[in-house]
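*Asks:* show me the folded form of this:
(2 chains)
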Amino acid sequence: MNEEIQRLNERIEAESRFVDDIRREISKVIIGQKYLIDRILLGLLGDGHILLEGVPGLAKTLAVSTLAQTIDADFQRIQFTPDLLPADLVGTLIFNQKDNTFCTKKGPIFANIILADEINRAPAKVQSALLEAMQERQVTISENTFPLPAPFLVLATQNPIEQQGTYPLPEAQVDRFMLKAIVTYPKKEEERQIMRLHGQSQKPAAQKIVDPKDIIRAREVVRDIYIDEKIESYILDLVFASRNPEQYGIEDLAELIQYGASPRATLFLRVCAQAHAFLNHRGYVTPEDVRSIAMDVLRHRVIVTYEAEAEEISSEDVVRKILGAVEVP
Amino acid sequence: MLAVFCFFPLMAQADTLPETAPSAPEWGDIQIKGELSAETIPQNDSLVFTVRIVLRGNPDDYAISDPGNPSVANLSLIATSQGNRTESDIEGVRLIKEYRYTYKPETIGMAYINPFRIQYIYVPNGVNRNIATSRLEIKITDPILPKKRVKIWPYIIGIVILAGATAVIVSRIRSKKIAEAETENVRSPEEIARESMREAKKTATDNPENLIGALSRILTIYITNKYGIDARSMSDEKVVEALEMKGVSPAILKNIGKSLDIADKVRFAAMSANTGDADIVELGIESLIAFSEKKNREENINKDEK
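*Replies:* Coordinates of the predicted model:
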């Protein structure tokens, strides 16, 4: 067998060992929610932000804060409200009467992991301030530009129950999130364990496993994971099937899709598949890696038509059909 | 119901009352007729009494008051209706006003419809006039009881059940024959897999990578056909888990896991392979096929014993 690939595999296996330790540590605090934790890890390793959707009380905040503890990262939770201002998020200049000077007061966005709770409750100007920071990885306050700490991961939540008094994120802004993960209720047995765990007088706490520096190094390793041409073609086929379904034998989707996935989807599918392979201690990407993350990468990027909405066909149904139709290598 | 169909006039006369009857040519221009649907009806039947007023000349010359309902004995009114129509003949146009009363007899014996009186004003000279039908009598006989119905439903249901059962038996025999014919013609997944393996080995003798690729496809198809597991879209771990659920032994699962791992590395990790790797993949497929065949034989023996 090829020695280079062998070495890469061994390297990945060694480098990705901390992932299991993180999972083990998080599982002390969070019962179940493997999907959520995996997605957060994908975001962390793939250097992309995550949009979480789920009803309140599913341990989203706890999962993120616990992960922050395990990687020894700064964590900030920002509750988005209609009266929030961009300055509340990014910071502002404060006049110092003693020195007669203005000094910069950095906002809560200066942290490694940000949980933007109920992002759709804040008006568009605040949303765009956050999304700009997400994209540029820097914040400008007055005349000074401050880089955001690395790693910088934003997890934004959307509450799917209430729609009144909210400012839904425009499609163009939603596209900036690498993944859109749907968090669901735990299983009955998991909930029993949650009940018991939280009934204890001493709350369990997660210990530090790695440094933020280790995460940055792991990100570089993730980018080195081998991705075969066949897998690249598969990714392209998935994205192009969302744009030209008729070319992939799914003509019936043509009138259901208003906009297919953007080139960002192609980039994120690739990096997410690599990160997924990393989580599975593999030095190469398989079609299963792509399929595992395809729904989360594509669901918010495929915009369905009014006809589809009238027929209660969601973007998830469309993506599912694409995944079923495009030939797996 | 018989009475409705046998509609014949019992009386047809223009009856004028002398006290209001001035001598006038217009006199013959209005007529009243009373008709019964039958003069004898059973007690459980109904009777239709039709009063027809025929006007000739200008209908506006006659201001006819509402006649109300006829006075009757031993009858109860169940329905009324009224209609106007015009007809024309050689003598000219005539307006026909028709009043229909439907009665139900009360008791067996005789029933009567008293003279039905219509009052009208002849507008050109303002004279009040009356016209009336004669008193009519109807004989009410014993009610005609409905004939005893023969219960045919049990027979119909019986026939339907019999026909259904026959159809089911026939279709089962036919499907059994078709299934037998199909099993005779269709090859088993094991046979297909073995033949595909032979062909793959023939075509990719000098290229272990290609052989491993072909063998992995054969394995995937075999698992899908034999165990109904969509191996094409599942990870190696999930395929092994699914096979475990289907009762495949751990030793075989180990071989399969190894085969899938090598195949993945060759196909997606650009690893160069040798014939030894291809042999491992082939062994994995062979072991699964042999296991399945053994299981098939055991199942057949169990079936025969039953």
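*Asks:* please make it C-alpha for all contacts and neighbour counts, starting now.
*Replies:* Fine.
*Asks:* need phi/psi at the residue nearest to residue A:271 when sequence neighbours are not counted.
*Replies:* Distances taken as Cα to Cα, 6 or more residues apart in numbering or on different chains place residue A:46 nearest to residue A:271, at 5.8 Å, with adjacent residues excluded. Backbone torsions of residue A:46, given as degrees, to the nearest 10, read phi -90, psi 0.
*Asks:* what number of residues lie near residue A:46?
*Replies:* Residues near residue A:46, counting by other Cα atoms under 10 Å in any protein chain shown, number 26.
*Asks:* residue B:276 now?
*Replies:* That count, for residue B:276 with other Cα under 10 Å as the rule, works out to 10.
*Asks:* what of the one 4 residues further on?
*Replies:* Neighbourhood size, residue B:280 [other Cα under 10 Å]: 19.
*Asks:* just checking, what packs against the helix or strand where it lies?
*Replies:* Element membership of residue B:280, judged by DSSP states H and E, is helix B:275-305. With contacts taken as 3 or more Cα pairs under 8 Å, 6 or more residues apart in numbering or on different chains; DSSP states H and E, helix B:275-305 sits against helix B:208-227, helix B:250-268.
*Asks:* and those as TSV, adding mean neighbour count, distance to residue A:21 and mean pLDDT?
*Replies:* Formatted as TSV, these follow (neighbours: other Cα atoms under 10 Å in any protein chain shown; distance: least, Cα to Cα, whole Å; pLDDT from 0 to 100):
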stretch	mean neighbour count	distance to residue A:21	mean pLDDT
helix B:208-227	21	33	85
helix B:250-268	21	24	84
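*Asks:* out of those helices, nearest to residue A:32?
*Replies:* For residue A:32, the closest of the helices and strands packed on helix B:275-305 is helix B:250-268, at 26.7 Å, according to Cα to Cα.
*Asks:* out of the helices and strands packed on helix B:275-305, which comes closest to chain A?
*Replies:* For chain A, the closest of these is helix B:250-268, at 5.4 Å, according to Cα to the nearest Cα.
*Asks:* angle of the closest one against helix B:275-305?
*Replies:* 140 degrees (axes from the mean of the first three to the mean of the last three Cα atoms, to 10 degrees).
*Asks:* got the angle for helix B:250-268 vs helix B:208-227?
*Replies:* Going by the same axes, to 10 degrees, helix B:250-268 makes 130 degrees with helix B:208-227.
*Asks:* got the contact list for helix B:250-268?
*Replies:* Applying Cα atoms under 8 Å, 6 or more residues apart in numbering or on different chains, the set of residues contacting helix B:250-268 from outside is A:227-228, A:230-231, A:284-286, B:209, B:212-213, B:216, B:236-237, B:240, B:243-244, B:271-273, B:277, B:280-285, B:287-288, B:291.
*Asks:* show me what the helix or strand hosting residue A:18 is packed against.
*Replies:* Assessed by DSSP H and E, residue A:18 sits inside helix A:17-29. Judged by 3+ Cα pairs under 8 Å, 6+ apart, helix A:17-29 is in contact with helix A:60-70.
*Asks:* so which bits of the helix it packs on are buried?
*Replies:* A:60-61, A:63-70 (16 or more other Cα atoms under 10 Å in any protein chain shown).
*Asks:* quick one on the thing from earlier: if I read this right, the residue nearest to residue A:271 contacts residue A:277, doesn't it?
*Replies:* No. Taking contacts as Cα atoms under 8 Å, residue A:46 lies outside contact range of residue A:277: 11.3 Å.
*Asks:* do you know the pLDDT at residue B:5?
*Replies:* For residue B:5, the pLDDT comes out at 39.
*Asks:* got it, and residue B:186?
*Replies:* Residue B:186 is given a pLDDT of 69.
*Asks:* what of residue B:27?
*Replies:* Note on residue B:27: pLDDT of 49.
*Asks:* any idea how far residue A:42 is from residue A:36?
*Replies:* 10 Å (Cα to Cα, to the nearest Å).
*Asks:* tell me the contacts of the residue in the stretch 51-200 of chain B positioned nearest to chain A?
*Replies:* Across the stretch 51-200 of chain B, the shortest distance to chain A (Cα to the nearest Cα) belongs to residue B:200, at 17.9 Å. With contact set as Cα under 8 Å, 6+ apart, residue B:200 has these partners: B:211, B:214-215.
*Asks:* now do 10 Å
*Replies:* Counting by Cα atoms under 10 Å, 6 or more residues apart in numbering or on different chains, residue B:200 makes contact with B:194, B:210-215, B:218.
*Asks:* excluding chain neighbours, what is closest to residue A:11?
*Replies:* residue A:283 (7.8 Å).
*Asks:* just give me the neighbour total for that neighbour.
*Replies:* Other residues close to residue A:283 by other Cα under 10 Å number 26.
*Asks:* my read: it touches residue A:221, true?
*Replies:* Yes. Counting by Cα atoms under 10 Å, residue A:283 touches residue A:221, with 9.4 Å between them.
*Asks:* common neighbours of these two, please.
*Replies:* A:8, A:11-12, A:274.
*Asks:* next step: those residues restricted to helices.
*Replies:* Those of the shared contacts of residue A:283 and residue A:221 mapping onto helices are A:8, A:11-12, A:274, per DSSP state H.
*Asks:* all strands for the stretch 151-300 of chain A, in order.
*Replies:* For the stretch 151-300 of chain A, the strands defined by DSSP state E, counting those that start in this stretch occupy A:153-158, A:179-182, A:257-259.
*Asks:* mean pLDDT for the ones you listed - can I get that in CSV?
*Replies:* Shown next, in CSV, are these (pLDDT from 0 to 100):
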stretch, mean pLDDT
strand A:153-158, 88
strand A:179-182, 90
strand A:257-259, 89
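*Asks:* who wins for proximity to chain B among those strands?
*Replies:* Closest among the strands of the stretch 151-300 of chain A, using Cα to the nearest Cα: strand A:179-182, at 20.4 Å.
*Asks:* if we can go back for a sec, scan the shared contacts of residue A:283 and residue A:221 and report the most crowded one.
*Replies:* Neighbour counts for those, by other Cα under 10 Å, peak at residue A:274, which reaches 30 neighbours.
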